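# My questions concern the predicted model and sequence given below.
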Amino acid sequence: MKMVFCLLLLSAALQAQKLEYAVLAIPENLKENANAVVRHKKVDVFVTSRKSITVKTTSAITVLNESGLSRIGAIETRDVKSIGATLYDALGFEIKKFKRKDFHEVAADDGAMISDNKRTFLDFTPVSYPFTIVYESEISDSNTAFIPLWFPLNRTNMGIERSELNITCAPELGLRYKEVNFEGYGIAKKDIPNGMSYSATNLSAFRDEAYSPSASRFLPHVLFGLDSFNLEGLDGSATTWKDFGSWEYYNLISGTDELADETKAKIIALVGQETDPIKKARIVYKYVQDKTRYVGIQLGIGGFRPMKAKDVERLGYGDCKALTNYTRSLLNVVGVPSYYAELYGDRNKMDLNPDFASVQGNHVILAIPIANDYVWLECTSQKAPFGYLGNFTDDRMALLLKPNGGELVRTSVYKDNTQMSKGTYVLDENGTIKGKVEIKSKGIQFDNRMHLSSESADERKKFYKDYFGINNLVLEKIDVSSNSENVEFLENISLNAERYGELRGNRLFFPINAFNKVLTVPQRYRARKNPFEIQRPYTDFDEVTVAIPQGFSIEAKPENIVISDKFGDYKMEYLVVDARQIVYKRSLTVKDGYYKSEEYENFRKFMEQVAKADNSKIVLVKN
């Protein structure tokens with residue numbers, strides 16, 4: 001009887017194990033669009049003092065296919081106290097345990113960065129899919145300036161069965177929090193002694209859909225921070241951006257602007273008799289670009305405090321903090337005030353949250369006050385024009401560190417993002433074209449082209465073959481140049497292509513727009529979920545003069561077209577100058593905006609109309 005009872009207990013235990021991690025137990029809606037599913041994730045955060053934070057994590061993630069392997073997240077960058085994992089097969093049976101010795105610890109640098117940080121991670125190759133891995137870790141740190149945020153849907157193509165975060169904090173430290181985008185997600189919140197708890201269940205995976213905003217713009221998450229914290233041995237306090245900026249100014253950058261007398265004399269001599277502050281700044285900026293190069297540095301407090309200006313002068317390199325502070329120090333020598341400015345750098349615009357002061361930035365630039373505005377300098381670039389910000393730092397909140405406190409200011413917003421092209425080509429009786437085009441780009445479109453100035457001849461050829469989308473294209477000449485004074489990028493291209501026009505009997509068909517066509521239409525989605533955003537407006541102006549072959553005349557040409565929509569405007573017109581010459585003019589404006597998912601199909605149709613018009617053909621007939 002005892003034997004039967006034991007067997008029943010064992011069977012029940014196995015069934016329980018199967019039910020917990022068996023892939024079949026995952027709700028179907030969570031597998032839709034998912035490469036992985038979080039079965040459960042629990043994060044417990046304990047802030048026991050200004051210099052002590054402990055984070056305990058338990059997560060069970062089912063990886064459905066190879067694309068979901070990166071969703072495991074078995075990686076830590078803080079001081080690891082304990083770490084381990086258990087692997088389960090598709091039926092929920094345990095097949096392997098991983099202990100501390102199975103995890104790798106490496107320096108958290110990539111060859112372009114000097115760092116003393118470590119990464120502890122699990123690196124294994126699964127035998128088959130799907131599988132489930134249960135991961136447990138405990139980490140601790142003396143830096144309490146960084147409290148983990150709760151972001152249950154922080155990865156694309158990952159469903160969530162349950163995600164939970166519990167945080168407790170010594171009351172005297174002043175735990176602060178900011179809840180973002182909770183509506184419609186069924187987030188549960190409850191108070192616990194000296195803290196709070198958040199949980200979410202049954203969250204469907206979201207896709208990486210075209211034109212999607214940054215996830216922080218539309219997905220639920222919670223930011224945490226402390227009124228009183230510690231950062232690499234420095235006690236700090238921050239309840240507002242003004243207070244936080246003041247603390248950073250006096251604890252992180254104050255006293256780092258000293259320069260050798262020799263350097264001061266050199267800069268003063270370089271500026272000479274110039275009195276205009278912006279002209280002085282131009283001279284100093286060029287000096288910095290010519291003398292220094294960028295190297296990432298994250299050594300202890302050096303990950304947050306800039307290297308001393310005199311050390312940058314001596315070494316000739318630095319990270320964004322060091323190079324910005326160095327430029328600030330040089331400007332100070334010649335009487336030009338400027339401010340160290342922290343922001344979040346990313347090609348997808350990311351704002352510092354204006355309602356929640358905390359460490360949120362990842363990059364530093366410089367702000368020079370002028371009248372009621374600022375001139376912004378990207379000090380890590382050896383090629384950027386003076387006062388120009390590209391799409392890594394444009395149009396977002398930056399925290400300026402001033403002696404009287406921090407101030408949030410929006411960086412440059414570029415509205416005149418234009419590309420103007422003017423070209424000519426000759427079409428012969430066999431359909432071969434031979435022509436040239438000049439392209440001038442400004443605003444953010446300058447940034448889109450600036451990389452060409454430093455690329456090899458082969459890289460440029462590949463770019464233009466993709467850009468023009470012309471079969472049999474031969475690039476005869478490519479000249480590119482950057483006009484830093486006017487912030488314009490200039491391109492002069494000479495080309496030819498056989499069979500550009502298609503001969504059918506005594507007729508010749510060809511698309512007149514050879515130099516700037518919309519080649520791809522935004523992807524269609526059967527049921528789009530995400531909102532969409534056009535982050536930066538732009539306008540293209542194009543004019544092409546075409547010489548048609550002797551002995552041919554125009555039989556048919558498209559009608560002039562005007563399209564006006566909430567998303568933009570398009571105009572295409574043809575002018576027949578004489579029997580052998582046609583002038584084609586085109587303009588396309590795409591407006592910026594943030595839109596609901598339901599409006600995406602209308603935007604896609606607008607761009608589809610543009611692409612169709614761009615590729616419309618003229619028909620010539622042999623006389």
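In hand now; what should we look at?
# Domains in the protein, by residue range?
18-208, 238-410, 418-622 (automatic domain parsing).
# so of those, which one's packed in deepest?
Using mean count of other CB atoms under 10 Å, the stretch among these with the largest mean neighbour count is domain 238-410, at a mean of 18. (C-beta placed from N, C-alpha, C; glycine too.)
# what's the helix or strand for the closest residue to residue 575 other than its chain neighbours?
Excluding the flanking residues, the one nearest residue 575 by CB to CB, 6 or more residues apart in numbering is residue 583, at 4.3 Å. Assigned by DSSP states H and E, residue 583 belongs to strand 581-590.
# Next: residue 47.
strand 36-49.
# now the angle from the helix or strand following that strand to strand 36-49?
Under the assignment DSSP H and E, the closest C-terminal helix or strand after strand 36-49 is strand 52-63. Per axes from the mean of the first three to the mean of the last three CA atoms, to 10 degrees, the angle that strand 52-63 makes with strand 36-49 is 170 degrees.
# could I have strand 52-63 exported to PDB, CA atoms only?
What follows is strand 52-63 as a C-alpha-only set of coordinates in PDB (Å, rounded to 0.1, in the frame of the first residue of the first chain):
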ATOM      1  CA  SER A  52      22.900  49.200  -0.300                       C
ATOM      2  CA  ILE A  53      20.500  47.700  -2.900                       C
ATOM      3  CA  THR A  54      19.800  44.000  -3.500                       C
ATOM      4  CA  VAL A  55      17.800  42.600  -6.400                       C
ATOM      5  CA  LYS A  56      16.500  39.100  -6.500                       C
ATOM      6  CA  THR A  57      15.100  37.800  -9.800                       C
ATOM      7  CA  THR A  58      13.300  34.600 -10.600                       C
ATOM      8  CA  SER A  59      12.100  34.200 -14.200                       C
ATOM      9  CA  ALA A  60      10.800  31.300 -16.300                       C
ATOM     10  CA  ILE A  61      10.900  31.900 -20.000                       C
ATOM     11  CA  THR A  62       9.700  29.500 -22.700                       C
ATOM     12  CA  VAL A  63      11.700  29.900 -25.900                       C
END
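# Can you name every helix or strand that it contacts?
strand 36-49, strand 131-141 (3 or more CB pairs under 8 Å, 6 or more residues apart in numbering; DSSP states H and E).
# change it to 10 Å
helix 2-21, strand 36-49, strand 79-88, strand 131-141, strand 158-169, strand 228-231 (3 or more CB pairs under 10 Å, 6 or more residues apart in numbering; DSSP states H and E).
# could you give me the average pLDDT of the first one?
Across helix 2-21, the average pLDDT comes to 51.
# circling back: which one of the helices and strands packed on strand 52-63 lies closest to residue 278?
For residue 278, the closest of the helices and strands packed on strand 52-63 is strand 228-231, at 34.8 Å, according to CB to CB.
# After that closest one, which helix or strand is next?
Next along the chain after strand 228-231, taking DSSP H and E as the criterion, comes strand 234-237.
# returning to that earlier point: save the domains of the chain as CSV, and put in distance to residue 217 too.
Listed next are the domains of the chain as CSV, based on distance: least, CB to CB, whole Å:
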stretch, distance to residue 217
domain 18-208, 8
domain 238-410, 9
domain 418-622, 7
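# Tell me which of those domains lies nearest to residue 231.
Once the domains of the chain are compared by CB to CB, domain 18-208 is nearest, at 4.2 Å.
# how much space between residue 58 and residue 38?
Distance of residue 58 to residue 38, computed by CB to CB, to the nearest Å: 11 Å.
# let me redo that: residue 576
Distance, residue 576 to residue 38, using CB to CB: 63 Å.
# Distance to residue 149 for the helices and strands packed on strand 52-63 - can I get that in TSV?
What follows is the helices and strands packed on strand 52-63, written out as TSV (distance: least, CB to CB, whole Å):
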stretch	distance to residue 149
helix 2-21	27
strand 36-49	10
strand 79-88	20
strand 131-141	15
strand 158-169	9
strand 228-231	15
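# so which of the ones you listed comes closest to residue 595?
Smallest distance to residue 595 across the helices and strands packed on strand 52-63 (CB to CB): 24.6 Å, for strand 158-169.
# can you give me how far that closest one is from the chain middle?
26 Å (CA atoms, centre = their mean, to the nearest Å).
# try stretch 540-556
For stretch 540-556, the distance to the chain centre is 41 Å (CA atoms, centre = their mean).
# In PDB, list the C-alpha atoms belonging to that stretch.
The C-alpha trace of stretch 540-556 is given here as PDB (Å, rounded to 0.1, in the frame of the first residue of the first chain):
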ATOM      1  CA  ASP A 540      12.200  66.600 -51.400                       C
ATOM      2  CA  PHE A 541      12.300  68.800 -54.500                       C
ATOM      3  CA  ASP A 542      13.300  67.300 -57.800                       C
ATOM      4  CA  GLU A 543      13.800  68.600 -61.300                       C
ATOM      5  CA  VAL A 544      15.000  66.500 -64.200                       C
ATOM      6  CA  THR A 545      15.500  67.600 -67.900                       C
ATOM      7  CA  VAL A 546      15.200  64.600 -70.300                       C
ATOM      8  CA  ALA A 547      16.300  64.600 -73.900                       C
ATOM      9  CA  ILE A 548      14.500  61.900 -75.900                       C
ATOM     10  CA  PRO A 549      16.100  60.100 -78.900                       C
ATOM     11  CA  GLN A 550      16.000  61.500 -82.400                       C
ATOM     12  CA  GLY A 551      13.300  60.000 -84.500                       C
ATOM     13  CA  PHE A 552      10.900  59.400 -81.500                       C
ATOM     14  CA  SER A 553       7.900  61.400 -80.300                       C
ATOM     15  CA  ILE A 554       5.800  61.400 -77.200                       C
ATOM     16  CA  GLU A 555       2.800  59.100 -77.600                       C
ATOM     17  CA  ALA A 556       1.600  59.100 -74.000                       C
END
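# can you give me the helices in this structure?
2-21, 28-31, 215-218, 241-248, 261-271, 277-291, 309-315, 320-333, 444-450, 457-468, 600-614 (DSSP state H).
# Which one, of these, ends up nearest to residue 484?
Here helix 277-291 is closest among these (CB to CB), at 9.3 Å.
# tell me what the closest one is packed against?
Short answer (3+ CB pairs under 10 Å, 6+ apart): helix 277-291 packs on helix 261-271, helix 309-315, helix 320-333, strand 363-370, strand 373-377.
# could you give the angle of that helix to helix 320-333?
Going by the same axes, to 10 degrees, helix 277-291 makes 130 degrees with helix 320-333.
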